[in-house]
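With the input below, show me the fold.
(2 chains, ligands or ions: 2)
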Amino acid sequence: MKRILRTSETHPLTWWLNEKEDVVWIKEYKKNGGYLAFEKALKTMQPVDIISIVQESGLKGRGGAGFPTGIKWSLMPKKSSFDVRYLLCNADEMEPGTYKDKFLMEKIPHQLIEGILISSLALNVSKSYIFLRCEYVQAERILKKAIFEATQYGYIGSNVLKSGLNFEIFLHSGAGRYICGEETALINSLEGKRANPKYKPPFPAYVGAWGKPTCINNVETLSNIPSIILHGTKWYKNLSKSIDSGTKMMGFSGKVKNPGLWELPFGITAREILEDYAGGMNNGLNLKAWQPGGASTELLTFKHIDLPMNFSTIQNAGSRLGTALAMAIDDTVNIVSLVRNIEEFFSRESCGWCTPCRDGLPWIVSILKSLEVHQGHENDMDILEELCCKLGPGKTFCAHAPGAVSPLKSAIKYFRSEFESGIKKTSIINISSI
Amino acid sequence: MLSKEEEIDILKSKSNYEDAQSSSIEALKIVQKSRGWVSKQAIREISKVLKIPESNLEEVATFYSQIFRKPVGRNIIRYCDSVVCYMYGCEDIKSCLENALNISIGGTTKDFRFTLLPICCLGNCDNAPTIMINDNTYSRLSLKQVVELLELYK
Ligand code: SF4
Ligand code: FES
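Ligands and ions are numbered 1, 2, ... in the order given. Next up is the predicted model:
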């Protein structure tokens, strides 16, 4: 296994941590140059400069979709008549197989707070909310304390560092439901409503929380901002081994020797992560398939293991980079059962707003359950494939349903015979003999 | 009647948001924290404090999975049933807990000591399988350890 030496040049997100990975509180954070980026932005930069640096850096959203952050920011209305605006930090991490935002919040909370403050400055925001899932109790405790510390040091509050500007950060903890992670659903939930997604347009950049311009960014995305401001875009781009800039929290879970999470440059191959960092598969097990970044990403097989981890190559291979927290599926796992588990999750977490998703997902689950016990009907494969299509992109109100059928569709593509072997033998009726 | 503390906490949370409706989830959680669950009566009381219709609160309370609408046990066990924990045998953990407590998923023991609920990925996949009891997360559990853990909660 690789020994990891973290430096500020190579590991901008995690170099703050010591061997034991203790929480970096404000004293230590400041001692190592924390909040210098915010002071630099506050004293020497105009909002447009910050936006153009972030745009130039090539930073892409780390929540899963990979939309360029600078472009997202530039969509916020320029006119100052839109005086009230909000920044929402999406910390509703619930994608199965993902454990990176939790790590960043629990270990280096001030990096996130500094990122929020710089982003607030760029977007003319004075109030931001961190939307945290309620089960992250440890992260909640740590963030609360960190916000308190930052307020005491004068980074949060009124007339921050005598700039005449006010910054407030509120911690909002949710009450369950995966769909809150969808950005328009998140807004509804923050407003104390059911977390049903909203129709776009209007986009949140114009009509967001409480009807005001709103920008929503993921925890890891915001945590990247301070170092970009401090060290510049050229350095940031050079961190990566691929066209995507910077580093990414990546990991491997499943039956591997050393499951975990590491800050790695884009473009590192999945094999390097699996073998050098995660220590390879457990003894006696072989890799059968893997998901590159969360339960809603398409399965890939061992043939794809040498692919570099970046947005475009994984997409070209028929999957998505997603959250880049990969999961290994070993050869003892029955794919039908595994996909059944994933579809049960999506079915339970559907918000119920539109019919294909609300009714299609439980249907998929029931078919998979019967295939699992070899009681499938001969039409089942056709129905599954039809449902994959009917729940596909553009057919439902939000991306929940397309995300839900992605693993199923890819599993059928690579492991069709496992599904077919679940069809009850006697149900194949020979019409000509009747 | 809401207690004085509940009322103060609810009004305090209201000031974090732009309107009263936005603090409804927090208000429900405040009441649930002190009483374990949210009754119809509690909804009526919150609606008076926040000055929003009861139906608005009902709508929210029936949507979110972590707001409980019937009495629950003193200790809430949430076992992760998402995909990584699935590969690490969470279905065995589930049956083990069901047997040990003599209840099924969603159920509460007769003595109100435990309620058993599934939960989606707890962000602890590198330490699967994982369960949470109240605010405590437990990692890499064997079935034996799961049963032993129960003893810690009265
Ligand atoms: S696709 Fe599913 S989650 Fe999205 S709006 Fe429709 S029912 Fe809700
Ligand atoms: S799948 Fe169980 S903690 Fe992530």
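
for residue 38, phi and psi?
The chain I'm using is chain A. In terms of degrees, to the nearest 10, the main-chain angles of A:Phe38 are phi -60, psi -40.

what sits against it?
A:114, A:117-118, A:121, A:155, A:226, A:229 (CB atoms under 8 Å, 6 or more residues apart in numbering or on different chains). For the C-beta atoms, the positions are set from N, CA and C on the backbone; glycine is no exception.

so where's the chain shaky on pLDDT?
All of this is about chain A. A:1-3, A:80-82, A:427-434 (pLDDT under 70).

that answer is for a different chain, and I need it for chain B
For chain B, applying pLDDT under 70 flags no range at all.

How about the residues of it by ligand 1?
Neighbours of ligand 1 within chain B, by CB under 6 Å from any ligand atom: none found.

which ones are touching the residue of chain B at minimum distance from ligand 1?
Residue nearest to ligand 1 within chain B: B:Phe63 (11.5 Å; CB to the nearest ligand atom). Listed by CB under 8 Å, 6+ apart, the contact set of B:Phe63 reads A:177, A:194-195.

what does A:Leu59 give?
A:68-70, A:221, A:224-225, A:228, A:236, A:245-246.

Next, check those residues against the strands and list the overlap.
Counted as lying in strands by DSSP state E, out of the contacts of A:Leu59, is not a single one.

coming back round to it: could you redo the contacts of B:Phe63 as CSV and give each row distance to ligand 1, neighbour count and secondary structure?
Below are these laid out as CSV (distance: CB to the nearest ligand atom, whole Å; neighbours: other CB atoms under 10 Å in any protein chain shown; DSSP: H, G, I helix; E, B strand; the rest coil):
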residue, distance to ligand 1, neighbour count, secondary structure
A:Arg177, 10, 23, coil
A:Arg194, 10, 17, coil
A:Ala195, 9, 28, coil
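
what about A:Gly392, distance to ligand 2?
25 Å (CB to the nearest ligand atom, to the nearest Å).

where do the strands sit along the chain?
Going with chain A. Going by DSSP E, chain A shows strands at A:86-91, A:127-132, A:168-173, A:214-218, A:247-254, A:260-265, A:287-291, A:300-301, A:325-330.

nope, chain B
B:75-80, B:114-119, B:131-133, B:136-138.

Compute the inter-axis angle for the first one and strand B:114-119.
If I follow you right, that is strand B:75-80. Comparing the axes of strand B:75-80 and strand B:114-119 via axes from the mean of the first three to the mean of the last three CA atoms, to 10 degrees yields an angle of 30 degrees.

Check whether strand B:75-80 comes near ligand 2.
Yes. Judged by CB under 6 Å from any ligand atom, strand B:75-80 and ligand 2 are in contact via B:Cys80.

Just checking: what are the partner strands of that strand?
strand B:114-119 (parallel), strand B:131-133 (antiparallel) (DSSP bridges).

Show me what the shortest one is in contact with.
I take that to be strand B:131-133. So strand B:131-133 is in contact with A:135, B:75-80, B:93, B:119, B:122, B:137-138, B:141, B:146, B:149, B:152-153, going by CB under 8 Å, 6+ apart.

Whichever of the residues you listed end up buried, select them in PyMOL.
Buried residues within these, by 16 or more other CB atoms under 10 Å in any protein chain shown, are selected in PyMOL with:
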select buried, (chain A and resi 135) or (chain B and resi 75+76+77+78+79+80+93+119+122+137+138+141+146+149)
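
For the stretch 151-300 of chain A, which residues are neighbours of ligand 1?
Going by CB under 6 Å from any ligand atom, the residues of the stretch 151-300 of chain A near ligand 1 are A:179, A:197.

Can you name the residue of the stretch 151-300 of chain A nearest ligand 2?
A:Ser253 (7.3 Å).

From A:Val373, how far off is that residue?
28 Å (CB to CB, to the nearest Å).

ok, those two, which is more surrounded?
A:Ser253 (28 against 10; other CB atoms under 10 Å in any protein chain shown).

and that one, what does it touch?
A:97, A:99, A:259, A:325-328, B:84, B:125-126, B:128.

Give me the spatial nearest neighbour of the spatially most central residue of chain A, chain neighbours excluded.
Nearest to the centroid of the C-alpha atoms of chain A, with distances taken as CA atoms, centre = their mean, sits A:Gly63, at 2.9 Å. Using CB to CB, 6 or more residues apart in numbering or on different chains and skipping residues adjacent in sequence, the residue nearest A:Gly63 is A:Asn218, 3.4 Å away.

just checking, the one you found touches A:Leu88?
No. With contact defined as CB atoms under 8 Å, A:Asn218 does not reach A:Leu88; the gap is 10.2 Å.

how close does the residue of chain B positioned farthest from its centre sit to A:Lys79?
Of all residues in chain B, B:Glu18 has its C-alpha farthest from the mean position, at 26.5 Å, by CA atoms, centre = their mean. B:Glu18 sits 21 Å away from A:Lys79, going by CB to CB.

Next: B:Gly106.
51 Å.

Give me the more crowded residue out of the two.
B:Gly106 (11 against 7).

Just list whatever residues bridge to the nearest residue to the more buried one once chain neighbours are set aside.
Take B:Gly106 and drop its neighbours on the chain: the residue closest to it by CB to CB, 6+ apart is B:Leu117, 6.5 Å away. Counting by DSSP bridges, B:Leu117 is bridged to B:Arg78.

Quick one: the helices in chain B, in order.
B:4-14, B:24-35, B:40-50, B:54-61, B:83-87, B:90-101, B:143-150 (DSSP state H).

near ligand 2, anything from the shortest one?
Just to be clear, that refers to helix B:83-87. Yes. Looking at helix B:83-87 against ligand 2 by CB under 6 Å from any ligand atom, the contacts come from B:83-85.

how far does stretch A:65-72 stretch from start to finish?
12 Å (CA to CA, to the nearest Å).

which one of the contacts of A:Leu59 is nearest ligand 1?
Among those, A:Thr221 lies closest to ligand 1 (CB to the nearest ligand atom), at 22.5 Å.

buried ones in the top helix by length along chain A?
Taking DSSP H as the criterion, chain A has its longest helix at helix A:400-420. Within helix A:400-420, the residues that count as buried by 16+ other CB under 10 Å are A:400-412, A:414-415, A:418-419.

circling back to that earlier point, leaving aside the residues adjacent along the chain, what's closest to the residue farthest from the centre of chain B?
Nearest non-adjacent residue to B:Glu18 (CB to CB, 6+ apart): A:Trp210, at 4.6 Å.

now A:Phe67
A:Gly61 (4.7 Å).
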